[in-house]
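# I need the structure of the sequence given here:
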Amino acid sequence: MKTRAKRPVSKSRSALRSALDQARERWQSAKKSAKEAKQAAKAARRQFKEARKALKRAKREALALARRLQSSVARTARAKTKAPTKKAAAKAAAPARRKTLAPAKRRARRTPVVPETVSTVAPESTSPAQQETTAA
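Numbers count the residues shown, from 1 in each chain. Here you go, the predicted structure:
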């Protein structure tokens, strides 16, 4: 003989209501946590971009400082190699320069300044006819 399948026992109205409320709460909390996760991801992306910019800026500054240091070192090295030759040349040329300058100064003192002579004769006067032709 065949047995009939048992009917499921119907839940009471309050039990259904509580199950519905629990499902809604779980959905609300999942929605809220998804929103917070989205905001956290957005903030993390922003921080990453700012950190990348700061890294690039620091790298640029470090390269600029390295270039400046390198040029300074090269400048001092050039100065050290050229310094003894410049000093030696200056010491050798200094006495000769003094000897050549002294006679030149004396020669300049010997020549007196001649005042310019000014003529007291009045310039030729032009006739009125000549003035009209020159003005036109």
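
# Going by C-alpha atoms from here, please, whenever you check contacts or count neighbours.
Will do.

# Count the neighbours of residue 57 for me.
Using other C-alpha atoms under 10 Å, residue 57 has 12 other residues around it.

# Please, which helix or strand holds it?
If you go by DSSP states H and E, residue 57 is part of helix 13-110.

# what does residue 5 give?
Secondary-structure assignment from DSSP H and E places residue 5 in no helical or strand segment.

# One more: residue 3?
Per DSSP H and E, there is no helix or strand for residue 3.

# Now it, what are its backbone angles?
phi -100, psi 140 (degrees, to the nearest 10).

# still on that earlier bit, same for the helix holding residue 57, what does it pack against?
Counting contacts by 3 or more C-alpha pairs under 8 Å, 6 or more residues apart in numbering; DSSP states H and E, helix 13-110 packs against no other helix or strand.

# Which of the helices and strands in the chain ranks last by mean pLDDT?
Within the chain, judged by mean pLDDT, DSSP states H and E, the helix or strand with the poorest mean is helix 128-135; its value is a mean of 62.

# Low-confidence ranges, this protein, go.
Counting by pLDDT under 70, the chain contains low-confidence ranges at 1, 7-9, 83-115, 117-119, 121-136.
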